[in-house]
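*Asks:* just a sequence and a predicted model for now, questions to come.
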Amino acid sequence: MPLIAIVEDEATIAEILSSYLAREGYDTLHLANGAEAEHWLRGVMPDLILLDLMLPGMDGLSICRSIRARSEVPIMMVTARVEEIDRLLGLELGADDYICKPFSPREVVARVKAVLRRVGGVPGGGAGHPGLVIDEAGMLARFQDARLDLTPTEFRLLQALARRAGRVMSRASLLDALGDRNEDVFDRSIDSHVKNLRRKLTAATGGAVVIASIYGVGYRLELGDRG
Ligand code: CA
């Protein structure tokens, strides 16, 4: 299930959002303090962040900037003032959507779905290519019934890239996606793991699924012919 982080200091609003999102099959996590949220989001990256603007500890703008410096995770900014939205847009924070309080929880859920669809965050971590199957439980990847021979690190890299297919992922967010901070994997060795994964993927898919390098930024999974 996709995990949605709700960074919101008003407990009632957070509870309402949690229950509506849970009803639609999302996992949620509530963080009430800005500084704690920023710290937590350095360790674990959810599939989407609902980020309130006015927070104790650290404000939503600073948190948004800090996250964007290292991740393309979808961010929906929540503000109590509609006139604030123009200013936020002008700041080019890189947020994916803006929501004004008071809001209808149904509307928020609809917009969460729309953003996740747009960024290719397929529920369940599907790969977005009909031929590519990523079996998270079995830690197996297949392309048109042929099993890809991947190391556990390569599998997890593929899983992370596939969840954000079409969008650039930084090395830092790929490291985060590896989760348990595998001691063998550092910034530079990420490159060699990606290189090996790319070679295997290109060979197995005949170029239908490729990993593009974005110079100085990171990597992007690209889906070619959807046949
Ligand atoms: Ca607030």
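*Replies:* Right, received. Where do you want to start? Numbers count the residues shown, from 1 in each chain.

*Asks:* from the contact counts, what lies against the lowest-mean-pLDDT helix or strand in the chain?
*Replies:* Scoring the helices and strands of the chain by mean pLDDT, DSSP states H and E places strand 169-170 at the bottom, with a mean of 77. Strand 169-170 sits against strand 218-223, with contacts defined as 3 or more CB pairs under 8 Å, 6 or more residues apart in numbering; DSSP states H and E. The C-beta positions use only the backbone N, C-alpha and C, and glycine is treated the same way.

*Asks:* the strand it packs on pairs with which strands, and in what direction?
*Replies:* Next to strand 218-223 in the sheet, as set by DSSP bridges, lie strand 169-170 (antiparallel), strand 209-214 (antiparallel).

*Asks:* which parts of that strand are buried?
*Replies:* Across strand 218-223, burial judged by 16 or more other CB atoms under 10 Å covers 218-221, 223.

*Asks:* can you list the residues that contact that strand?
*Replies:* 128-129, 158, 161-162, 164-171, 173-174, 194, 208-214 (CB atoms under 8 Å, 6 or more residues apart in numbering).

*Asks:* same question, stretch 80-93
*Replies:* In contact with stretch 80-93 (CB under 8 Å, 6+ apart) are residues 53-54, 61, 64-65, 68, 75, 77, 79, 95, 98, 100-101.

*Asks:* what helices and strands are in contact with the longest helix seen in the chain?
*Replies:* Counting residues, the longest helix found in the chain (DSSP state H) is helix 187-205. Secondary-structure packing of helix 187-205 (3+ CB pairs under 8 Å, 6+ apart): helix 152-163, helix 171-177, strand 209-214.

*Asks:* tell me the angle of the last one relative to helix 152-163?
*Replies:* Regarding strand 209-214 and helix 152-163, their directions subtend 90 degrees when assessed with axes from the mean of the first three to the mean of the last three CA atoms, to 10 degrees.
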